[in-house]
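> Got a sequence here, can you model it:
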Amino acid sequence: MLFNNLVDAKNIMGSVTKLLPIDNPYYEDFQFFSSINCTTSSEYREELKSFLEKFIINHAILSMPDNVMNIYPLLVKLYGWL
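Numbering: from 1, shown residues only. Take a look at the predicted model:
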C-alpha cells in the first residue's frame with residue numbers, strides 16, 4: 001500500500017481499532033489515532049509516529065490477536081512513511 005496522506009494513516013488505525021477487543025490496552029490509542037484529533041496535521045503525524053515507534057520497539061504486537069498481527073507489516077511501513 002502506498003500512503004498518500006494522513007487520511008490513509010487514519011484509516012489504517014481505524015481498521016486496527018475494529019479488530020481489537022475493547023479491553024486491549026492499546027484499544028484507546030488506536031481509537032484516538034483513527035481520527036485526526038490534533039490541532040495540525042504535523043502534530044498528528046508526530047504523535048502517531050511516536051506511538052508507533054513505542055508500539056514497534058516494545059514488541060507490543062506479541063500481545064495482539066492474530067488478525068492484528070497480520071496488519072503489523074503495514075504498521076511498520078506506515079511508521080517508515082511518517
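
> Tell me the buried residues in the longest helix anywhere in the chain?
Longest helix in the chain, counting residues (DSSP state H): helix 41-57. Within helix 41-57, the residues scored as buried using 16 or more other CB atoms under 10 Å are 44, 45, 47, 48, 49, 51, 52, 55. For every residue, glycine as well, the C-beta is placed using N, CA and C.

> Now the second one: closest residue in space, sequence neighbours ignored.
With CB to CB, 6 or more residues apart in numbering as the criterion, residue 45 has its nearest non-adjacent residue at 5.6 Å, and that residue is residue 82.

> For the one you found, give me the pLDDT.
As predicted, residue 82 sits at a pLDDT of 92.

> Tell me which residues touch it, please.
For residue 82, the residues meeting the contact criterion (CB atoms under 8 Å, 6 or more residues apart in numbering) are 9, 45, 48, 49, 52.

> now do residue 49
In this structure, residue 49 makes contact with 79, 82, judged by CB under 8 Å, 6+ apart.

> again, 6 Å this time
Taking CB atoms under 6 Å, 6 or more residues apart in numbering as the criterion, residue 49 is in contact with residue 82.

> And residue 16, by the same measure?
If you count contacts by CB under 6 Å, 6+ apart, residue 16 has them with 30, 68, 71.

> try 10 Å
Taking CB atoms under 10 Å, 6 or more residues apart in numbering as the criterion, residue 16 is in contact with 24, 26-27, 29-31, 33-34, 64, 67-68, 71-72, 74-75.

> next one: residue 68
The neighbourhood of residue 68, defined by CB under 10 Å, 6+ apart, consists of 15, 16, 17, 19, 20, 21, 24, 26, 30, 60, 61, 75.

> Quick one, which of those are buried?
16, 17, 19, 20, 24, 26, 30, 60, 75.

> Which member of those residues is positioned nearest residue 4?
Proximity of these to residue 4 was ranked by CB to CB; the top entry is residue 75 with 17.0 Å.

> which stretch of helix or strand covers that closest one?
helix 72-81 (DSSP states H and E).

> Need the contact partners of that helix.
Applying CB under 10 Å, 6+ apart, the contact partners of helix 72-81 are 1-4, 8-9, 12-13, 15-16, 30, 45, 48-49, 51-53, 55-56, 60-62, 64, 68, 71.
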